[in-house]
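starting from these lines, generate the structure:
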Amino acid sequence: MTGGLSLLAQGVDVSQLPKTCVDMPPRLRASGAGPVQAAIKLQKTPPKAASMPRDDPAAKAPKAPGDIVPRPPARIAFLRKWPADTLSIRFLPGGHFTRQLRARVIELASEWTQFANINFSFDDAPNADIVVGFKPGLGHWSYVGTDAQQATEPDDQTMNLDLSLEELTNARFNTGYNQGVVRHEFGHALGAIHEHQNPAGNPLRFRREETYRYFARFGFSRDEVDRNIFQRYEENSLLRFSTFDIKSIMLYHFPAELLASGEPTPENHVISDTDKDFIAQLYPGRYTPGTGGGGNGGGAVERELEVGGAALSGKINKNAVDTYVFTIRTEGRYEIRTQGYTQLRVNILEPANLQVTVTSPDLVNQSIIHSLAAGRHRLSVEHRYPGGVGEYAIFVRPIS
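Numbers count the residues shown, from 1 in each chain. Below is the predicted model of the structure:
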């Protein structure tokens with residue numbers, strides 16, 4: 001997993017590269033070719049977000065439940081690290097959008113904030129840093145890090161997820177893959193680039209002529225394949241990079257016939273341990289690299305709860321403490337509540353002087369009902385007994 005401040009100094013004209021990472025819906029299938037990369041023709045100088053050209057063969061491909069097509073590599077991306085500690089995120093209505101889909105995407109995207117010392121505020125602000133749409137037919141894509149600041153109008157998307165709620169939740173579809181799409185695109189939003197362009201210990205060796213022919217079917221010129229598939233970063237051009245990680249969520253699946261090894265790359269659905277370490281080094285202060293997990297697994301964890309949104313699932317490991325932050329927009333009475341079969345202790349950390357009463361209606365879960373002022377709040381969750389472990393869920397909701 002890699003990130004950097006500049007592109008390869010190998011004659012690449014930055015102005016001629018797309019400003020986005022463009023992926024296609026995983027359910028697309030190219031006519032008559034079986035499961036293939038639904039590659040998009042690169043747009044040379046898009047003013048904002050690149051979209052799927054109308055003449056792309058994938059645009060006319062049939063869609064069917066369970067069709068699996070690897071996400072295609074798109075372009076040489078370079079890292080743009082966010083300087084802020086909180087990113088505002090807005091979801092646009094229309095297309096696949098539903099409130100339930102929004103809640104599921106929030107849950108998946110927030111996994112990154114367990115390891116990166118940065119918070120997501122899903123406040124739908126007009127001037128949000130990241131603007132997510134769910135437009136059908138435009139594929140999956142995201143600006144990389146602060147490249148999103150090129151979007152100057154309130155409704156300018158910086159990310160598109162061509163996914164419906166059913167595709168994230170219904171077993172008829174490849175839900176693991178589709179959930180990986182969300183994790184992957186939010187990895188780009190934080191500044192991560194594609195793993196196949198990692199210069200450090202990268203074992204991938206492409207069969208050049210086979211690869212040219214493969215992507216030519218989808219409109220890629222040889223030059224575009226050179227830049228977007230074969231070309232890698234130079235180590236001295238990167239701010240942070242880790243040794244090549246075959247399990248990275250940022251690595252695409254390449255079919256066996258394109259690789260000299262004759263072995264395909266895996267289809268990765270989850271954030272790998274190396275991904276966690278990388279993003280923790282890029283945004284340090286929340287998670288300790290090398291611990292191999294977090295709150296759900298090991299290091300310090302802090303996740304964003306959406307007030308009135310879906311409950312977030314958690315897992316307490318031995319002697320672990322999970323922390324959560326949430327934003328109250330309107331002063332009033334709210335309930336903080338856990339769900340599950342694990343005996344927990346919930347503590348309000350911020351505001352530090354807030355005195356609350358914690359009840360346990362079922363002798364297992366915790367409930368706090370209290371008047372909360374507008375602003376940021378922080379709480380911790382731990383097992384009630386030293387060394388205890390278990391799974392749980394937690395939510396915050398207004399009390400009318």
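
low-confidence ranges, this protein, go.
1-79, 195-201, 218, 233-243, 290-302 (pLDDT under 70).

show me the domain layout of it.
By the assignment in automatic domain parsing, the chain contains the domains 2-258, 301-398.

Serialize the ones you listed to JSON lines and add fields for distance to residue 281 and mean neighbour count.
Where you see a C-beta, it was placed from the backbone N, CA and C, and this is true even at glycine. Formatted as JSON lines, these follow (distance: least, CB to CB, whole Å; neighbours: other CB atoms under 10 Å):
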{"stretch": "domain 2-258", "distance to residue 281": "6", "mean neighbour count": "19"}
{"stretch": "domain 301-398", "distance to residue 281": "17", "mean neighbour count": "16"}
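
quick check: which of the ones you listed is nearest to residue 271?
Residue 271 sits nearest to domain 2-258 of all these, at 5.1 Å, using CB to CB.

wasn't residue 211 part of a strand?
No: judged by DSSP: H, G, I helix; E, B strand; the rest coil, residue 211 forms no part of a strand; its state is helix.

what sits against the closest residue to it other than its chain neighbours?
Spatial nearest neighbour of residue 211, chain neighbours left out: residue 258 (5.0 Å); criterion: CB to CB, 6 or more residues apart in numbering. Residues near residue 258 by CB atoms under 8 Å, 6 or more residues apart in numbering: 206, 207, 210, 211, 214.

closest to residue 355 among those?
Of those, the one sitting nearest to residue 355 (CB to CB) turns out to be residue 206, at 62.5 Å.

spatially nearest residue to the closest one (excluding sequence neighbours)?
With CB to CB, 6+ apart, the residue lying closest to residue 206 is residue 258, at 5.8 Å.

next up, phi/psi of the one you found, please.
Backbone torsions for residue 258, taken as degrees, to the nearest 10, come to phi -90, psi -10.

equivalent analysis for residue 179, please.
Main-chain torsions, residue 179, degrees, to the nearest 10: phi -60, psi -40.

how about the contacts made by it?
Under the criterion of CB under 8 Å, 6+ apart, the neighbours of residue 179 are 108, 168, 269.

take these and keep only those in helices.
Among those, the members found in helices (DSSP state H) are 108, 168.

out of the contacts of residue 179, which comes closest to residue 287?
residue 108 (17.7 Å).

how close does the residue nearest to the closest one when sequence neighbours are not counted sit to residue 124?
Distance criterion CB to CB, 6+ apart; nearest residue to residue 108, sequence neighbours excluded, is residue 182 at 4.3 Å. Noted for residue 182: a distance of 18 Å to residue 124, by CB to CB, to the nearest Å.

swap in residue 188?
Residue 188 sits 21 Å away from residue 124 when distances are taken as CB to CB.

same deal with residue 356?
28 Å.

next one: residue 148
16 Å.

kindly report the same for residue 308.
12 Å.

next one: residue 226
From residue 226 to residue 124 the distance is 41 Å (CB to CB).

one more: residue 304?
From residue 304 to residue 124 the distance is 14 Å (CB to CB).

likewise for residue 153?
15 Å.

try residue 320
Relative to residue 124, and taking CB to CB, residue 320 is found at 32 Å.

now swap in residue 256 and tell me
44 Å.

got a list of contacts for stretch 389-400?
305-318, 324, 326, 330, 332-344, 346, 365, 369, 381, 383.

among the residues you listed, which are located in strands?
When the contacts of stretch 389-400 are checked against strands (DSSP state E), the matches are 305, 312-316, 324, 326, 332-339, 344, 346, 369, 381, 383.

residue 181 belongs to a helix?
Yes: using three-state DSSP, the assignment for residue 181 is a helix.

so it sits right up against residue 160, yeah?
No: using CB atoms under 8 Å, residue 181 is not in contact with residue 160, being 10.7 Å away.

residues shared between the contacts of the two?
Joint contacts of residue 181 and residue 160 (CB under 8 Å, 6+ apart) are residue 140.

okay, how far is it across stretch 165-181, tip to tip?
Stretch 165-181 stretches 13 Å from its first residue to its last (CA to CA, to the nearest Å).

quick check: end-to-end length of stretch 163-177?
In stretch 163-177, first residue to last residue: 11 Å (CA to CA).

what does stretch 167-175 give?
OK, stretch 167-175 end separation, CA to CA: 6 Å.

show me how far it is from its chain's centre.
Remark: stretch 167-175 is offset 18 Å from the chain centroid, using CA atoms, centre = their mean, to the nearest Å.

cool, stretch 213-233 as well?
Distance, centroid of stretch 213-233 to centroid of chain: 25 Å (CA atoms, centre = their mean).

go on, stretch 210-224?
Chain-centre distance of stretch 210-224: 28 Å, with CA atoms, centre = their mean.

got the CA coordinates for it in PDB?
Extracted C-alpha coordinates of stretch 210-224, given in PDB (Å, rounded to 0.1, in the frame of the first residue of the first chain):
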ATOM      1  CA  GLU A 210      -1.300 -10.600 -23.400                       C
ATOM      2  CA  THR A 211      -2.000  -7.600 -21.200                       C
ATOM      3  CA  TYR A 212      -2.000  -5.200 -24.200                       C
ATOM      4  CA  ARG A 213      -4.500  -7.500 -26.000                       C
ATOM      5  CA  TYR A 214      -6.600  -8.000 -22.900                       C
ATOM      6  CA  PHE A 215      -7.100  -4.200 -22.200                       C
ATOM      7  CA  ALA A 216      -7.400  -3.400 -25.900                       C
ATOM      8  CA  ARG A 217     -10.700  -5.100 -25.900                       C
ATOM      9  CA  PHE A 218     -12.000  -2.200 -23.700                       C
ATOM     10  CA  GLY A 219     -10.400   0.700 -25.500                       C
ATOM     11  CA  PHE A 220      -7.000   0.900 -23.800                       C
ATOM     12  CA  SER A 221      -4.100   2.000 -26.000                       C
ATOM     13  CA  ARG A 222      -0.700   0.500 -25.400                       C
ATOM     14  CA  ASP A 223       0.400   3.800 -23.900                       C
ATOM     15  CA  GLU A 224      -2.500   3.800 -21.500                       C
END
